[in-house]
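[1] 3D model of this:
(4 chains)
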Protein chains: 2
Amino acid sequence: MQTPSSRVFQDPISDRLGYVLRRASSVMMADLGGALAVTGLRPVEATILILVEANPRCTQSDIGRMLGIKRANMVPLIAGLCAKGLIDKSPVDGRSQSLTLTAAGRDRRDQADALMRAHEARFEAMLSSGEVDALRTALARLMLNDTAETD
Amino acid sequence: MQTPSSRVFQDPISDRLGYVLRRASSVMMADLGGALAVTGLRPVEATILILVEANPRCTQSDIGRMLGIKRANMVPLIAGLCAKGLIDKSPVDGRSQSLTLTAAGRDRRDQADALMRAHEARFEAMLSSGEVDALRTALARLMLNDTAETD
DNA sequence: TATTGTTATACTCTATAACTATA
DNA sequence: TATAGTTATAGAGTATAACAATA
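    Purely as a prediction, here's the structure:
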């Protein structure tokens, strides 16, 4: 056969740290997206529910800063969660609005969180506990190079 | 002062492996993008030049399979590199075209590769060599969970 | 002056469907 | 029947600029 590749290719990029980091991240995010599909939430939406529950009465700007998402891009995210009846806004400032989970939001958060933890456990099961610790340590170290502006 | 946050927030997501993986990846990619800006190439374009040099006469579909980029999305990437005079196409099949670097493409590849290696060295310098090895091993293991279709 | 929320906009990345032509 | 290249299109994610209201 002479189908897509009897040819063997040189692979000069699988030893590039940035490349493998990006690919591993995209594999894990794709898995998470699939795991969360039953909740009707995307990973970022599930993450917001978790953050709002842990920080009741925070603002959407607070969430944006925690996640590295710009103010302008938080608007449709929060609006979507409100439209789904998972989050309530209430004015605090006149310019700020505090966020809290609705009862449905708490249920959905719990459902999503359980799926996220199971997802994480599936990936961690591929590593020894020492490897997991090493991975977390290394990633935390690399993140110190973050140069992104707050907004 | 009562500026953006005298308030301290709970952070229930920085211990989620998927989240830190995604953030670390985006930090490193942003740094790479900045480092490559002087070449006028995006990270994916530099990567393609490196792959074409290592695999002369490969097709754009071959590149797509190596990088996990779909056929349809390879079209503007390769067209852009051709328009810049960095890659030449020549028909092999009637349906396939083989890719090779032009002289300018080789120069640009070398320039970009040097910047990529320096970029990588800056990040690896934040870790011990044992930590670098552990990180690479762990990431390679996680990537085995890849469920993406070829095309 | 700085911050919050917002609108509008644009660019990149990714995904699907469909088509042509070739093998 | 499968592959290569292509077009068109849609959805995410992310970025900037600008504005109003408020602190």
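[2] Can you name the element that comes right after the longest helix along chain A?
    For chain A, the longest helix by residue count, based on DSSP state H, is helix A:103-124. Sequence order places helix A:129-143 as the next helix or strand after helix A:103-124, per DSSP states H and E.
[3] That next one and DNA strand D in contact?
    No. Shown here: helix A:129-143 not in contact with DNA strand D (C-beta under 7 Å from any atom of the strand), separated by at least 13.9 Å. Every residue, glycine included, has its C-beta placed from N, CA and C.
[4] re the thing from before, packing partners for the longest helix of chain A?
    Using 3 or more C-beta pairs under 8 Å, 6 or more residues apart in numbering or on different chains; DSSP states H and E, the elements in contact with helix A:103-124 are helix A:17-36, helix A:43-54, helix B:17-36.
[5] Nearest to DNA strand C among those would be which one?
    Closest to DNA strand C of the helices and strands packed on helix A:103-124 is helix A:17-36 (C-beta to the nearest atom of the strand; 6.3 Å).
[6] wait, does that closest one contact DNA strand D?
    No. Helix A:17-36 is not in contact with DNA strand D by C-beta under 7 Å from any atom of the strand; minimum separation 8.0 Å.
[7] Give me the helices and strands touching that helix, please.
    Using 3+ C-beta pairs under 8 Å, 6+ apart: helix A:17-36 touches helix A:43-54, helix A:103-124, helix B:17-36, helix B:103-124, helix B:129-143.
[8] Repeat the analysis, applying 6 Å as the threshold.
    Under the contact criterion of 3 or more C-beta pairs under 6 Å, 6 or more residues apart in numbering or on different chains; DSSP states H and E, helix A:17-36 touches helix A:43-54, helix A:103-124, helix B:17-36, helix B:129-143.
[9] Save those helices as a markdown table, and put in mean pLDDT, distance to B:Leu115 and mean neighbour count too.
    Converted to a markdown table, the helices and strands packed on helix A:17-36 look like this (pLDDT from 0 to 100; distance: least, C-beta to C-beta, whole Å; neighbours: other C-beta atoms under 10 Å in any protein chain shown):
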| stretch | mean pLDDT | distance to B:Leu115 | mean neighbour count |
| --- | --- | --- | --- |
| helix A:43-54 | 98 | 31 | 21 |
| helix A:103-124 | 98 | 32 | 17 |
| helix B:17-36 | 98 | 5 | 20 |
| helix B:129-143 | 96 | 19 | 17 |
